[in-house]
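> Structural data only, the sequence is not supplied:
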């Protein structure tokens, strides 16, 4: 067994050094506070001394036969027990407890991975979670504490972007996204919310002239909501509609679904809409899509000023990691999440709590789910 002591300012720093020098499978055997430097006992600086170990036999190359001189697993275990018996009980942390932390945090990581949370986010969380674990008194080191730490960590990180807060304060709300994500239905839901819940004077404008069914669908919704709807075939038509709807509070603009991973379709979109200080652009994405495809679409939309993302089809998947990935990896907030076909009910204003609880839903760390 290879042992090494580290003198550090904090436990997160120790974990980083241990991982770098001994590897991610290393085990912390002992931690204690020490004083370094100073003069005749004065002005000494407090540090942590952390003893860690790694079994070189376990991590040897599989094709290389074990040498007779290498210790067995029982000898390694005995060596660890001997080391711990020489450490005062008040200062030591049992090996079982040390092994419990990686197991709990690994399970959190596994479940977040199943939810589709990105690797870079999970790695950062794991490092901070180890620091949290070793900073707690033994009595407070519980699965529930780890879950709560994860919950609060994700909530703090999500504060970096704007989540929800849509009050229909921009006159033109433009919706764009791939084919089949549910833009038209989403627009109908938001038209109802703006009109019924917020008392706004609402109109609908569509530039999707490729699908007659989409126009008919919008006209049906508009008739039910008693709001006007117009069709724009060109940028001139768009400007004419803007003038026509001058007296309206909110104009919801539908666009044709396209494969926006290609520049051609984005340029085509720009020929039929106009972005101004009075408008905001929402990219509509389905939670059922692959995250790599979402990134490709959003990368194309970097050419335009995207306000926020709207996620649809929450009810058609059990994987919600994209909600966090888009916010933290792409730096774009979420306005709404839709969870069904019912108009106007199945739309949820996004919130940090809703995003985090969606991802952590069912996580217990006690073997159940």
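Thanks, I have the structure now. In this text the structure is predicted, and so the values were computed from the model without any measurement.
> Could you pull up phi and psi at residue 219?
For residue 219, the backbone dihedrals (degrees, to the nearest 10) come out as phi -60, psi -40.
> What residues does it make contact with?
Contacts for residue 219 (C-beta atoms under 8 Å, 6 or more residues apart in numbering) come out as residue 229. Backbone N, C-alpha and C define where each C-beta goes, glycine included.
> quick one: low-confidence ranges for the stretch 101-250 of the chain?
The stretch 101-250 of the chain contains residues with pLDDT under 70 at 101-102, 209-212, 214.
> Can you show me the strands along it?
172-176, 202-206, 229-231, 250-254 (DSSP state E, counting those that start in this stretch).
> Pull up the pairing partners for the first one, direction included.
It refers to strand 172-176. Strand pairing for strand 172-176, determined by DSSP bridges: strand 250-254 (parallel), strand 279-286 (parallel).
> got the angle between that strand and strand 202-206?
40 degrees (axes from the mean of the first three to the mean of the last three C-alpha atoms, to 10 degrees).
> just to revisit the earlier point, so which of the strands paired with strand 172-176 gets nearest residue 205?
For residue 205, the closest of those is strand 250-254, at 4.8 Å, according to C-beta to C-beta.
> And the contacts of the closest one?
Here strand 250-254 makes contact (C-beta under 8 Å, 6+ apart) with 168, 170-175, 183-184, 187, 190-191, 194, 200-208, 214, 218, 241-242, 245, 273.
> ok so, going back, among the strands paired with strand 172-176, which is nearest residue 126?
Closest among those, using C-beta to C-beta: strand 279-286, at 27.3 Å.
> quick one: average confidence on that closest one?
On average, the pLDDT along strand 279-286 is 90.
> Can you name the element that comes right after that strand?
Note on strand 279-286: by DSSP states H and E, the next helix or strand toward the C-terminus is helix 291-301.
> How about that next one, which residues are buried there?
291, 294, 295, 297, 298, 300, 301 (16 or more other C-beta atoms under 10 Å).
> Now do the next helix or strand after that helix: distance to the chain's middle.
Downstream of helix 291-301, the next assigned helix or strand under DSSP H and E is strand 306-312. On the basis of C-alpha atoms, centre = their mean, to the nearest Å, strand 306-312 sits 14 Å off its chain's mean C-alpha point.
> tilt between strand 306-312 and helix 291-301?
For strand 306-312 against helix 291-301, the angle by the same axes, to 10 degrees is 150 degrees.
> I'd like the numbering to begin with 881 instead of 1 from here.
Will do, 881 is the new start, and the previous item becomes strand 1186-1192.
> From the contact counts, what lies against strand 1186-1192?
Strand 1186-1192 makes packing contacts with helix 1063-1072, strand 1159-1166, helix 1201-1209, strand 1214-1218 when contacts are defined by 3 or more C-beta pairs under 8 Å, 6 or more residues apart in numbering; DSSP states H and E.
> Which one, of the ones you listed, ends up nearest to residue 1129?
helix 1063-1072 (11.6 Å).
> Output the contacting helices and strands for the closest one.
Using 3+ C-beta pairs under 8 Å, 6+ apart: helix 1063-1072 touches strand 1052-1056, strand 1082-1086, helix 1092-1105, strand 1130-1134, strand 1186-1192, strand 1214-1218, strand 1227-1229.
> before we move on, back to that, turn the strands of the stretch 981-1130 of the chain into a markdown table, columns for distance to residue 1000.
As requested, these are exported to a markdown table (distance: least, C-beta to C-beta, whole Å):
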| stretch | distance to residue 1000 |
| --- | --- |
| strand 1052-1056 | 27 |
| strand 1082-1086 | 39 |
| strand 1109-1111 | 44 |
| strand 1130-1134 | 35 |
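> secondary structure class for residue 1212?
Under DSSP: H, G, I helix; E, B strand; the rest coil, the three-state class of residue 1212 is coil.
> Just confirm residue 995 contacts residue 1199, I think it does.
Yes - the pair residue 995 and residue 1199 qualifies as a contact (C-beta atoms under 8 Å) at a distance of 5.6 Å.
> For these two, work out which one has more neighbours and name it.
Neighbours per residue (other C-beta atoms under 10 Å) separate residue 995 from residue 1199, with residue 995 holding more: 22 against 15.
> nearest residue to that one other than its sequence neighbours?
Spatial nearest neighbour of residue 995, chain neighbours left out: residue 1201 (4.2 Å); criterion: C-beta to C-beta, 6 or more residues apart in numbering.
> what number of residues lie near residue 1096?
Residue 1096, neighbours per other C-beta under 10 Å, totals 10.
> returning to that earlier point: what would the helices and strands packed on strand 1186-1192 look like in TSV with mean neighbour count and distance to residue 934?
Below are those laid out as TSV (neighbours: other C-beta atoms under 10 Å; distance: least, C-beta to C-beta, whole Å):
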stretch	mean neighbour count	distance to residue 934
helix 1063-1072	24	53
strand 1159-1166	22	43
helix 1201-1209	22	32
strand 1214-1218	25	42
